[in-house]
Structure formats: structure tokens, C-alpha cells
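*Asks:* Structure, please.
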Amino acid sequence: MPLIETRKLTKHYGKSRGIDSLDLKVEEGEFFGFIGPNGAGKSTTIRTLLGLIRPTSGEFTIMGKKVSRSSGLSAAKEYLADIGYLASEASFYGNMKVSELISYSARLRGKDCASEAKMLADRLQLDMKKKIDELSLGNRKKVGIVCAMQSRPSLYIMDEPTSGLDPLMQKEFFDLLHERQKEGATIFFSSHVLSEVQHNCSRAAIIREGKIVAEDSIHNLAKTNMKKVTLSGVTDIPPALKTSVSDIPPALKTSDSAEAFGFREATIDGFNSCGENSRRGAMLKSISVLNNSISFLYQGDIRLLLGEVAKLPISDMTIAEPELEEIFMHYYEKGVDK
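*Replies:* A predicted model of the protein is given here:
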């Protein structure tokens, strides 16, 4: 049974879009990733689930409680006590000591979490004696982590939780989350850092302009009929591509660059090529150039690719599965819908 399930969940801010007809399922006990850039609708989704804002339409079920616009925000009180929430940008009382703030957070839940809070603070190397105003951004983030985790809730909702943490603390943080998951907790992890999602989550959803454009296991999201091709030692890079990756104009990243490199592009609208040309054509996406190497995502007849590459002055060629980040970028190209 899903611990979180949304059905046509919609939130508009006047004429502005927040989220639109969101259908999402998070199973109990899983480490679920929620991926999208700033402004995609991640935080709006989370705030709606927490009862901080009222949905425009649609409904959701969370921890067995059904919530809709008509049920009112008071319904959230029935499940919030068993949720550990970390906001992307948490604000605290600056004149309080860390220990006082963490203790205050525990009392709001009606629990004594002193021993658990100390364990978490020790593992995160957080000085409990300092005042909040004396803390760096990373240490303030640690305060939020301790407040969210000290009561050992059944559901953790983490919104961009690693911003400000150094790599060692990021590892310790994920170790803590995985330990809680092994004990039966569910992790809802919102992030725009795709490597974090790929390395820690079992399933994920990609949100684009307020809509879910993909939801599947990490393995299946990264498993496509596209391949990442890298050509090394290219001695004669086409003039149109003799530039750095960041300087390549958008137009050169689709059909123009494909033509310049000797490939014919069948479609640039999505993974599923259509029409008679797709049987013989090739699709190139996300072309990048660095020194004497060219990388791109390729879909089409591999024999056509090898035949064209054989004509080029290169020293090496590799074909691999694309990273999740590259798949993610596909969903953010114009015209891609679920």
C-alpha cells in the first residue's frame, strides 16, 4: 500500500502554475527521489502534502489519511507528528542555543529526544553549545537534520537536504537515512542533484513545469534505447563544433550539429522515433565538445552509427549507457511530455 499517493493534485497561485494534475505514488519503506530544478514544483508538492498550503483541486492520501481541498488543512494534524520534515531553507531563532532549539523542537512533538539528538549531533559534528547566529550555513542545515530525525518518525520528507553540507557530512547524512530505511522508515527525498538520487534512491519521479513526466525505478529510468557515444582523438572537428560545451548555441545541439558531423537526424522530439525515416535515420542529442573529444546521446541503428564513424578521423570510440543526469536532461527538452 502506498504511504503517499496523489490523485490529480493541483495547486495554482492565481494564474501561475504550481503543480498540475500530479499523480504520484511512494511505497512504504522505499527511498524515493523527487527530481526537478528550482521552480519545477517540488517544494509546492511537499508543502501541499504537509498541509502548509491548500490544494486547488485533486486529493492525496498520506499515512492512511485522505486529504482534499474540502477536508481543510486541519487534516494534516493527524499525521504530521510522525513526519520528519527538513525544509530547503530553514529559519531558526538566532539567539537560541543549538541545544535549546533542538529541545524545543522535540517538545513541540511531545517527546523526550535528548539521547537521540545527542547521537545525531555527535555523528554530524554539531556543536550543541553554540548559538544559531554563530553557525555557518552547513551547521544550520545540521540543526534542521537533527530536528527532523530526532523523534525517529515513520516518514522523512527532505527538501534539498544536502545544500551547505561538505562531502563527509553528506555521506554521514545518507548513512543515517539508510539506517532509518532499514528500520522500516520511508524516505521522500527531493533534490536537483541527480547523482545523489541515482546513488541512494530505489525509485524516482521527474517533475517538469508542475507535471510528472517520468516515474520508475532508477534502473528503468536510466535504461533506454539511447546510448552515450564518445569519440576521442578527433583530428578534424567540424567548424560548427569548434567551441567549448558552454558556448555551443542551442541550435547547434540538435539538427545543425548532427548534419555538420555527418549524421542525419530523424527526430528531435523524443525517444520514440516515428515515420519511415526513423528506420534508417539516427537521432543525436546533447552534443558536447571538449578538446578533441565529442560526446552525444545516440538513438538509431547501431550499424549506421558504426558506418558513419568509420569515415571519421578518430583514435577511439566508446559506447555506454547514459547517466541519469543525461536522461533527466532529455525530459527537459522542449516538447517532451509524459
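*Asks:* What is the least confident helix or strand in the protein?
*Replies:* When the helices and strands of the chain are scored by mean pLDDT, DSSP states H and E, helix 255-260 comes last with a mean of 42.
*Asks:* For L221, grab phi and psi.
*Replies:* The phi and psi values for L221, taken as degrees, to the nearest 10, are phi -60, psi -40.
*Asks:* again, but for S191
*Replies:* phi -160, psi 160.
*Asks:* How many neighbouring residues does it have?
*Replies:* 23 (other Cβ atoms under 10 Å). In short, each C-beta sits where N, CA and C put it, glycine included.
*Asks:* likewise K129?
*Replies:* Neighbourhood size, K129 [other Cβ under 10 Å]: 8.
*Asks:* ok, now which ones touch the spatially most central residue of the chain?
*Replies:* With distances taken as Cα atoms, centre = their mean, the residue of the chain nearest its centroid is I35 (2.2 Å). Counting by Cβ atoms under 8 Å, 6 or more residues apart in numbering, I35 touches 190-192, 194, 197, 204-207, 328.
*Asks:* Kindly report the same for R17.
*Replies:* 41, 209-210.
*Asks:* Between those residues, which has the least confident prediction?
*Replies:* Among the contacts of R17, E209 carries the lowest pLDDT, at 87.
*Asks:* List the residues that contact the nearest residue to I62 once chain neighbours are set aside.
*Replies:* Closest residue to I62 apart from its sequence neighbours, by Cβ to Cβ, 6 or more residues apart in numbering: I4 at 5.1 Å. By Cβ under 8 Å, 6+ apart, the contact set of I4 is 24-26, 49, 60-63, 155, 186, 188.
*Asks:* between those, which is nearest D216?
*Replies:* D216 lies nearest to K25 out of these, by Cβ to Cβ, at 11.1 Å.
*Asks:* Now do the SS call for the closest one.
*Replies:* With DSSP: H, G, I helix; E, B strand; the rest coil as the basis, K25 sits in strand.
*Asks:* cool, and A81?
*Replies:* Under three-state DSSP, A81 falls in the helix class.
*Asks:* didn't it look like it was pressed against R109?
*Replies:* Yes - in this structure A81 lies within contact range of R109 using Cβ atoms under 8 Å: 5.8 Å.
*Asks:* the more surrounded of those two?
*Replies:* When A81 and R109 are compared for neighbours, R109 comes out ahead with 16 against 12, by other Cβ under 10 Å.
*Asks:* which one's the longest helix in this structure?
*Replies:* For the chain, the helix with the greatest residue count under DSSP state H is helix 167-182.
*Asks:* So which bits of that one are buried?
*Replies:* 169-170, 172-174, 176-177, 180-181 (16 or more other Cβ atoms under 10 Å).
*Asks:* closest to T230 among those?
*Replies:* Ranked by distance to T230 (Cβ to Cβ), these are led by Q170 at 28.5 Å.
*Asks:* Please name the nearest non-neighbouring residue to that closest one.
*Replies:* Nearest in space to Q170, with sequence neighbours left out and distances taken as Cβ to Cβ, 6+ apart, is T162 at 4.9 Å.
*Asks:* follow-up on the earlier one: so the closest residue to the residue nearest to the centre of the chain other than its chain neighbours, which of the three states?
*Replies:* Of all residues not flanking I35 in the chain, I206 sits nearest, at 4.9 Å (Cβ to Cβ, 6+ apart). Classification of I206 by three-state DSSP places it in strand.
*Asks:* I figured I206 hits P37, correct?
*Replies:* No - look at I206 against P37 with Cβ under 8 Å: they stay out of range, at 10.4 Å.
*Asks:* between the two, who's got more neighbours?
*Replies:* Legend: neighbour count by other Cβ under 10 Å for I206 and P37, higher for I206 (25 against 11).
*Asks:* if I pick that one, what's in contact with it?
*Replies:* I206 sits next to 35-36, 212-215, 221, 328, 331 when contact means Cβ under 8 Å, 6+ apart.
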